[in-house]
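*Asks:* Got a predicted structure plus its sequence, pasted below:
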Amino acid sequence: MMRRGKCLVFIMFIIMLVPCLATATDHQPLPGERLSLTCAGCHGTAGAAPGNMIPIIGGQLAGYTAKVLKGFAEDSRPGTVMLNLAKGYTVEEQQQIAEYFAAQPWVNTTNTYDIPRDDNLTRSCRGCHGKNGEGLGNFPRIGGQHPEYLLQALQEYQQGTRKDSMMLLVKGMDDVTLKALADNFAAMK
């Protein structure tokens, strides 16, 4: 009889526990979360890109990410894998992906720098990217971004492969200055 009572208590405990477990694991994904799973292979979980040549997109401004996805989809932005991936999403889905990544925490590059901050070098970039590279409006957050990726992007703007009238600022810069600019923004954490 005692054993049966313990079993009954255990069964009642399980019955009461199941709804609690279901609620605890009932995850309501954000719009765009399911769509963003395709991005994880390259950009990392929640957009915290592990590679140096792949940009961090978790915590990136939604307006900028949506603009980039649109550029890839319309073949107006250079790329490889992204050119085909972006074309697979509607404009609404691109916006949902952008908003999902914007809601994720920004994870700074793991590169460490022991360089003095050069405010004179970054001054001309502040109007679009903010004092600390946090990004403004549809201009991207670049503070804490991978320096190798930033350097590649600057070189593409300089060569005209990436197009943006604001980036005429880099046309006359030499490679040493471009690298210093990329390193300065990467060091902003």
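*Replies:* Okay, I see it.

*Asks:* who touches the residue lying closest to Leu154 once chain neighbours are set aside in this structure?
*Replies:* Ranked by Cβ to Cβ, 6 or more residues apart in numbering and with sequence neighbours excluded, the top spatial neighbour of Leu154 is Leu178, at 4.6 Å. No exception for glycine: its C-beta is placed from N, CA and C like everyone else's. By Cβ atoms under 8 Å, 6 or more residues apart in numbering, the contact list for Leu178 reads Leu151, Leu154, Gln155, Gln158, Val170.

*Asks:* Now Leu178: phi and psi?
*Replies:* The phi/psi pair for Leu178 (degrees, to the nearest 10) reads phi -60, psi -40.

*Asks:* Most neighbours out of the contacts of Leu178, which is it?
*Replies:* Of all these, Leu154 has the most neighbours under the rule other Cβ atoms under 10 Å, reaching 23 neighbours.

*Asks:* Would you mind confirming that it makes contact with Ala182?
*Replies:* Yes. Using Cβ atoms under 8 Å, Leu154 is in contact with Ala182, at 6.1 Å.

*Asks:* Find the nearest non-adjacent residue to the residue most central in space within the chain, please.
*Replies:* The residue lying closest to the centre of the chain (Cα atoms, centre = their mean) is Ile57, at 0.7 Å. Once flanking residues are discounted, Ile57 sits nearest to Gly47: 3.9 Å by Cβ to Cβ, 6+ apart.
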